[in-house]
Structure formats: structure tokens, C-alpha cells
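*Asks:* Got a predicted model here, sequence first, then my questions.
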Amino acid sequence: MPRLNPENVRRARELMALYPEPRSALIPTLHIAQEQEGWLRPEVIEHVAEIIDLTPAEVYGTASFYDMLFTHPVGRYLVSVCTNLACLLNGGYELLHHAEERLGVPAGGTTADGEFTLEEVECLALCGEAPCLTVNWRFFGNLDDTAFDRLVDDLRTGRLADRVPNHGTLCRVRRKVAAAGAGNGQPAPTGREGAAPPGMTLPPADMGAEGEADPASPRVTASAAGQTRTIRVAGEASSEPNEPPAPEGATDDADDEKRNP
Amino acid sequence: MITDAGAIVTGRHGIPESWTLATYLRNAGYEGLRQALTMEPGDITEEVKTSSILGRGGAGFEAGKKWSMLRDADPKYLVVNGDESEPCTFKDHMLLENDPHQIIEGTLICAYAVGAAQAFIYVRGEFALGIERLQAALNEAYAHGAVGRRIFGSDFSIDVVVHPGAGAYICGEETALLESLEGKRGYPRDKPPYFPAAIGLYGAPTVVNNVETVSNLPWIVLNGGAAFAALGEGRSTGTRLFSLSGHVKRPANFEIEMAKTTFHDLIYDARLGRGIRDDNELKAFVPGGVSAPWFSPDQVDMALDQEAVGKAGSMLGSGSVIVMDHTTCMVRAAWRITRFFHKESCGQCTPCREGGGWLDKIMNRIELGAGRRSDLDLLLDVCDNIAPGLSWPPQKTTICVLGPSIPSSITSAIRMFRDEFLTHIDEGRCPFGPPVGASVAVAGP
């Protein structure tokens, strides 16, 4: 019977300690549950309820409100195609229909091998690169049919494994410092049960590996939402930044040191 | 006119690894915070009031005024709204990925000014890279002594928490966001109280500011509120990020001085949008997110000025300008916006939950060629039941403004393109080609 594994129980308790009210840790904890299982199994919902001291109905009530939390199984890769206005105007539906043909499932469906779930979604806030989609919430923009096919091939062969973790993994950067201080010297607002000691440093986990762009995969436009064009009239507008996301989160070793208050 | 006001919030974008502490510190990073910590909290609030910066989230309320309304009680909280979900708005997404330290610095300045006990940055769940970069930046900032106990040796201490959302447009509404942050369904709270400044997170007085708003604070502290207010015109001060999308040659975010540049500049200038794709004709544009009523080509010379746009019956809203050229089917465009609102309605209020569904279905059947002439009146009647009088700004029948935003695109499309609706109905097909999207069962009369 799947429950959160001990490491994830610890992460949940650390989250609870961050907030004045432990229930605030519910949605972040459900993301962790989804990272572990790929979706929110009923047994996991019950376990999360137990940890945060809520009823399973309360947890389900929250989970069922949000589009990113799944109470049914989804594929290893969740392909979310935007068809909202900016994408509609630039071929979003044509892209979605192509994706349906290529994957052999209608929007909302999962391929027989459990690899891909295709869904039509609302605006992903990458409108400068319409039409766009996300795979497990990693962005890909300026897509045409050919680029989509390559993307699927790259996912199947694991070429994007570093950039696109399995479905459910939202943030691969762990918080390193427990909430310990409070405003203006007031006592820290702390969670109740299982609060981590102040100043505790969380393990760096696999900090080195996260988010590394796959340099071997320049074929799909990597989108960092980075399309700023700032106007400085003295010169021409800044160049066309469309650089692939560089490794993010890889902080220097200095902040691995404990910060004791 | 395009001015050379320069960049306030996007100055570091384009610098390699702009999201790291090392880059940030090399480019004036955390100097605003250091300056702020030498000032009295109340003086910072005064500078922000002098700047007259309007909230950049969509409602356009003065940030300094918001801070001043904070009920005097302990604890107080600061919540930074990074739940950017208004369709075709993608500026906060860019700020999160490219300059997360600036957001953290602005958050700390605001927290210090208002005396917050803790600060939360609520980030839209879909922004995985933005969340990772912000969390990594926060880790760096703690290690640098910019967050946590006794910041930079001062007696100011505060914790900042990065909180991921989980996919719900409505959580951009500040009271829904607070519910979500409390671990609940994202239901907007009944009003009054109108502002979380009175009763906010966990019932405590809370300031909720947008990511772009707080990103301006380091600059305002370093340069003074008056310098900020010297940019722009009237109530529209400073620079602002505009998200330009749709049928333009260069869709992107642009930081430009408020009230000086016109929509025409934004769409056509070689340094900005560079014109419409294939040099097509402009058919209509949306001035401020899909909640805003549309403008016609003869309004394109209006300045990007909150007051001017408001007087003309629309809004700058979230700062997203969507351009539609002459090949666009306006029924299809308005239907897609309507379907968005229908799907994203939280379901608490009947006019929004049911009315949104009816409008979605009626718009869809017209687009599919199964509409009737009486549908136009029916659409307007349903719209009128959601937002009585169809005035601007709309009258509310609902807890929040999602419902009253639904009529904007429909009434705009009917007002400006009535003939196009009639062609769909009379010819029994969409004149712009096969309809897109999932068909729905078309109900009988």
C-alpha cells in the first residue's frame, strides 16, 4: 500500500514547519506526493491527511480544485498544449491536433504504454513563443509539427531526461534553511508537530544535477520565457535573447554551510 | 513616442546567468535593501507613496496606499503574488526566471517597510523553472545574509518562503490566493473586507503585492520616489512591462515608460513589435488582458496610459496587448476567451458558473455554424445578467471580478463585428475555415 516514503515524510514535516499554520504545507506536500507516485493515489491522500492532521476529504477537497494535481494516473510525460488566445492565433489548435495524431490519443488521453498523457490547457504564459506547450511543466515554444515530432522522439529516447523529469517533479531545488527568524525579532512563527530545529540545514539532495539543459538537444527551442526586449533608445534594442535555460539552482558551495542563527 | 527612460526591472536580463547571486551582486544587487535598512520603515512607505507606483498585477491600485491601509496588529504578513495566469500575460514569468534576486530584494524591502513577520512568494505552479530559480536564489540569499536572522547585521530578521501553486487561474485574485496559501480550494473570499490589509492570511493584516511591483522597489529606494514619479504622466508613473502577443512580428515583453508610448508604437515600431505579420491589416486589439474590452484600429494612437484607456472603456489591466489581424475570426477568438472563463470559474457564484457555461455553448454553436439570429440577443441578455448594465467598469453580481470579466470579449465582438456573427449564422459555417477545438453537442431550441 503506497504511502509517502520516509524521506518524503520528512520533507512534508519540514514544509509544515515553514508556515504559521501547518495546513499551508498541503499543496507543496501534494506536489511531493505526486513526485513520488506520479499521481495522487487514494492511499497517499490518506497518508498526507494523517501527516498534516486533516481528514482525507479535506485533502481531496483541496487537491480536486487544482489542475496540476491528478487523482487519476497520468503518463510519465504530461504534454500540455496551450490553445488560449495567443496560441490560437498562432496555430495552437493545429499543434494540438497534430499531437493527437502523433501520439494516437485524443486530448485528455494517455498512450497505451503509459508514456504520454496529452492535455489541452489554458495560457502557459509563454505567449512570445506561441504556439507552445509544456512537458511536465518544462516549456517548449515556437513549435511546429516537425519540432513536436522531434520533441516526442527526444523524450522517448531519454535525450531530454535532464531537462524534463518524470511527471510530478516540480522543483528540484531543495530549500536549505528552515524558517527560523521572524520579523523584527519576534518569536518565529513555527509549525507544530515535527518542526525542524531552527537553523537546520537541509541536505543539498542532488543539487548538482538539477535543471541542466541538454546541450545535445538544440533542436527544440528551449524556452526560458526570457524574451525581454528592453528599450534603450541610445542603441538598438537589446539583442534577441532566446538562450536555452542554463543550469539553474546550482549555487556555489558556500551556501551548503550551515547558517546558524 | 518611445523614450529612453531605460530599464528599471529588466536591466539585468540578457546578462549571462542573470538569475545567480554572483551576477546580481555585480550589478547593484541588494544595494536597495542595504539602503532601506538604514532608513525608518515609515520613510520607505513615504518614498513608495511619492513614486505613486500602481500595482502591476491588474487592478492598478496604488502600492503605497495599500501598505498604509494595513491594520495595526501583530503579526502582519507579506504575500507576493507570482500567480500570473491572465491569458497572454507573460511578464512575471520572465521576471521570475531572469531576475529572481530582484524579487527577493523587493520582497524584503516591502517586508521591512510594513513590519511583516514573514513573507511568502506564491508562484504559479506551472512555472517550474521559475520556482527552481527562485528557490535557488533564496538559498543563495540566506547564505549571503540577505534573508533570515539579522539581515546584513541589522536588527531586522525575516523568513521568506517560496510557495508553489497548483494550477488555477482564480488564485491570482488576492483573496483566493490567500485561501490557496492556507491549503484550501482557491475560492475568493466574500467582501467586505475588501482588502487583505484588514483581514488577510490566517486572519492577520496582509499586504499582497505583484511580482513586478516589488521588483521596482530596489530602484525606488535607491533613486527616490520622486525620480520614479518623474517618469510617465499623471497617475501612470514609472516604466511598465507590456506583454505583446498575437499577430505581431516580434511578440515579447517590453519595458517602456508609462503613458508616453502609444499602442501604435508598441505594435509597429521597429524597436518594439515591428508590425503585423505579413504586413497584414490590424483588425482589433485587446489592450490589457482577456478580461479587457477590445479596441478597434482607430484607437491605436492612444497612449499606454491607465487613465486614458479606462476612460475609453477598457483597461491596461495586466499589461498584455493582444493583436489580431484581418484573417482572424472574431467569433472564434471571443469564444476561446469565453471558454477560458467558463473553465476557470471557481463555481461559487451562480451567474459566473452557469452564465459562463451558457455563453461558452452559445458562442461555440455560432462558430460551428449552428447558431441562430436570436443568439445575439441571448448572448447579450446572459452577459447583462452577469454584469448588469454592461457598463465599464462592470457591475458585479459575484464575489470576485472573474464573472463580470466574461462579457468583455463577447460584447466587444458583437459591437465591433456584428456582421461576422450574422455571416456565421446565415451561412451555417465559419467563413474563416473549419472550426477548431472540441465540438460540443449542439442543443436544440
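*Replies:* Thanks, I have the structure now.
*Asks:* can we go C-alpha only for contacts and neighbour counts from here?
*Replies:* Fine.
*Asks:* Verify the contact between B:Pro41 and B:Leu108 for me.
*Replies:* No. Judged on Cα atoms under 8 Å, B:Pro41 makes no contact with B:Leu108 at a distance of 11.5 Å.
*Asks:* neighbour-wise, which of the two wins?
*Replies:* Taking other Cα atoms under 10 Å in any protein chain shown, B:Pro41 and B:Leu108 do not tie; B:Leu108 has more neighbours (32 against 17).
*Asks:* which residues in the stretch 151-300 of chain B form strands?
*Replies:* Per DSSP state E, counting those that start in this stretch, the stretch 151-300 of chain B carries strands over the ranges B:159-164, B:206-210, B:232-233, B:236-237, B:239-246, B:252-257, B:282-286.
*Asks:* Turn those into TSV, including mean pLDDT.
*Replies:* Putting the strands of the stretch 151-300 of chain B into TSV (pLDDT from 0 to 100) gives the following:
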stretch	mean pLDDT
strand B:159-164	98
strand B:206-210	97
strand B:232-233	92
strand B:236-237	93
strand B:239-246	97
strand B:252-257	96
strand B:282-286	98
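*Asks:* For those, could you give me JSON lines that also reports mean neighbour count?
*Replies:* Formatted as JSON lines, the strands of the stretch 151-300 of chain B follow (neighbours: other Cα atoms under 10 Å in any protein chain shown):
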{"stretch": "strand B:159-164", "mean neighbour count": "22"}
{"stretch": "strand B:206-210", "mean neighbour count": "27"}
{"stretch": "strand B:232-233", "mean neighbour count": "19"}
{"stretch": "strand B:236-237", "mean neighbour count": "23"}
{"stretch": "strand B:239-246", "mean neighbour count": "28"}
{"stretch": "strand B:252-257", "mean neighbour count": "28"}
{"stretch": "strand B:282-286", "mean neighbour count": "23"}
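*Asks:* can you put those in a markdown table and add distance to chain A?
*Replies:* Output for the strands of the stretch 151-300 of chain B, formatted as a markdown table (distance: least, Cα to the nearest Cα, whole Å):
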| stretch | distance to chain A |
| --- | --- |
| strand B:159-164 | 6 |
| strand B:206-210 | 14 |
| strand B:232-233 | 15 |
| strand B:236-237 | 17 |
| strand B:239-246 | 5 |
| strand B:252-257 | 5 |
| strand B:282-286 | 11 |
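*Asks:* And chain A, is stretch B:193-200 touching that?
*Replies:* No. Between stretch B:193-200 and chain A, judged by Cα under 8 Å from any Cα of the partner chain, nothing touches; the nearest distance is 13.4 Å.
*Asks:* how about the nearest residue to B:Ile15, chain neighbours excluded?
*Replies:* Spatial nearest neighbour of B:Ile15, excluding adjacent residues (Cα to Cα, 6 or more residues apart in numbering or on different chains): B:Thr23 at 7.9 Å.
*Asks:* Can I take it that the one you found is in a strand?
*Replies:* No. Counting by DSSP: H, G, I helix; E, B strand; the rest coil, one finds B:Thr23 to be helix, located in no strand.
*Asks:* mind checking how far B:Gly289 is from B:Val382?
*Replies:* Here the criterion is Cα to Cα, to the nearest Å. By it, B:Gly289 lies 22 Å from B:Val382.
*Asks:* out of those two, which sits in the busier spot?
*Replies:* Each of B:Gly289 and B:Val382 has its neighbours counted (other Cα under 10 Å); B:Gly289 has more, 23 against 18.
*Asks:* check contacts around the more buried one.
*Replies:* When contacts are counted by Cα atoms under 8 Å, 6 or more residues apart in numbering or on different chains, B:Gly289 is found next to B:Glu86, B:Pro87, B:Cys88, B:Thr89, B:Leu316, B:Gly317, B:Ser318, B:Gly319, B:Ser320, B:Val321, B:Ile322.
*Asks:* mind listing what the closest residue to B:Tyr169 other than its chain neighbours touches?
*Replies:* Distances taken as Cα to Cα, 6+ apart place B:Ser85 nearest to B:Tyr169, at 5.4 Å, with adjacent residues excluded. B:Ser85 makes contact with A:Cys123, A:Leu124, A:Ala125, B:Arg124, B:Tyr169, B:Gly172, according to Cα under 8 Å, 6+ apart.
*Asks:* in which helix or strand would I find B:Ser85?
*Replies:* If you go by DSSP states H and E, B:Ser85 is not part of any helix or strand.
*Asks:* One more: B:Val80?
*Replies:* Under the criterion DSSP H and E, the helix or strand holding B:Val80 is strand B:77-82.
*Asks:* State which helix of chain B is the longest.
*Replies:* Secondary structure of chain B per DSSP state H: the longest helix is helix B:407-427.
*Asks:* What residues of that helix count as buried?
*Replies:* For helix B:407-427, the buried set under the neighbour-count rule, 16 or more other Cα atoms under 10 Å in any protein chain shown, comprises B:407-414, B:416-417, B:420-422, B:424-425.
*Asks:* cool, stretch B:33-46 as well?
*Replies:* Using 16+ other Cα under 10 Å as the test for burial, stretch B:33-46 gives B:Leu33, B:Arg34, B:Ala36, B:Leu37, B:Pro41, B:Ile44, B:Thr45, B:Glu46.
*Asks:* Could you find the closest non-adjacent residue to A:Val74?
*Replies:* A:Val74 sits nearest to A:Thr117 (Cα to Cα, 6+ apart), 5.9 Å away.
*Asks:* Let's verify the one you found: helix, strand, or coil?
*Replies:* strand.
*Asks:* which residues does it contact?
*Replies:* Residues in contact with A:Thr117 (Cα under 8 Å, 6+ apart) are A:Val74, A:Gly75, A:Arg76, A:Tyr77, A:Leu78, A:Val79, A:Gly108, A:Gly109, A:Thr110, A:Thr111.
*Asks:* now do B:Met1
*Replies:* Counting by Cα under 8 Å, 6+ apart, B:Met1 makes contact with B:Lys260, B:Thr261, B:Thr262, B:Asp265.
*Asks:* who wins for most neighbours among these?
*Replies:* When neighbours are taken as other Cα under 10 Å, the top entry among those is B:Asp265 (22 neighbours).
*Asks:* so that one makes contact with B:Ile2?
*Replies:* Yes. The pair B:Asp265 / B:Ile2 is scored as a contact, 7.4 Å apart, by Cα under 8 Å.
*Asks:* Report how many residues lie close to A:Val121.
*Replies:* A:Val121: 17 neighbours (other Cα under 10 Å).
*Asks:* Helices of the stretch 151-300 of chain B, start to end?
*Replies:* Under the criterion DSSP state H, counting those that start in this stretch, the stretch 151-300 of chain B contains helices at B:174-181, B:211-215, B:217-223, B:225-229, B:263-268.
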